[in-house]
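> sequence-free structure coming up:
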């Protein structure tokens with residue numbers, strides 16, 4: 001077991017990780033956890049397939065910023081719930097309603113609606 005240098009949380013304990021993700025799913029963060037992740041693919045770099053150091057740094061910075069915007073630690077990728085209190089979390093039922101709503105919105109976007 002070790003401590004993450006980014007968020008300061010314990011790593012390597014499955015029960016702890018499961019509870020972190022459960023809380024993340026119930027977090028009332030204005031839907032931040034439902035934002036689609038920013039992902040780059042090889043086709044984004046079709047011009048010559050080569051990325052210089054500045055380009056690599058820019059890509060890494062933008063993806064780390066996106067993780068932070070979604071409430072994830074940029075080092076370990078797990079939920080970063082520092083500073084949140086009990087009032088910041090929804091009940092299981094409210095969280096399920098939220099998940100369903102955001103899943104429907106994502107499906108509509110994919111269909112072009």
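Here it is on my side, so go on. Just so it is clear, the structure is predicted and the values come from calculations on it, not from any experiment.
> longest single helix anywhere in this structure?
What stands out as the longest helix in the chain, according to DSSP state H, is helix 92-111.
> ok now that one, how far from the chain's centre?
Helix 92-111 sits 16 Å away from the centroid of its parent chain (Cα atoms, centre = their mean, to the nearest Å).
> need the residues that contact that helix.
The contact list for helix 92-111, computed with Cβ atoms under 8 Å, 6 or more residues apart in numbering, reads 25, 26, 28, 31, 34, 36, 90. C-beta here means a position set from N, CA and C on the backbone, and glycine is covered the same way.
> do the same with stretch 38-57
Counting contacts by Cβ under 8 Å, 6+ apart, the residues touching stretch 38-57 from outside are 59, 62, 63, 66.
> out of those residues, which sit inside strands?
Residues of the contacts of stretch 38-57 located in strands (DSSP state E): none.
> show me the shaky parts of the protein.
45-50 (pLDDT under 70).
> so where do the helices sit in it?
14-26, 53-69, 92-111.
> rewinding a little: now the buried members of the contacts of stretch 38-57.
residue 66 (16 or more other Cβ atoms under 10 Å).
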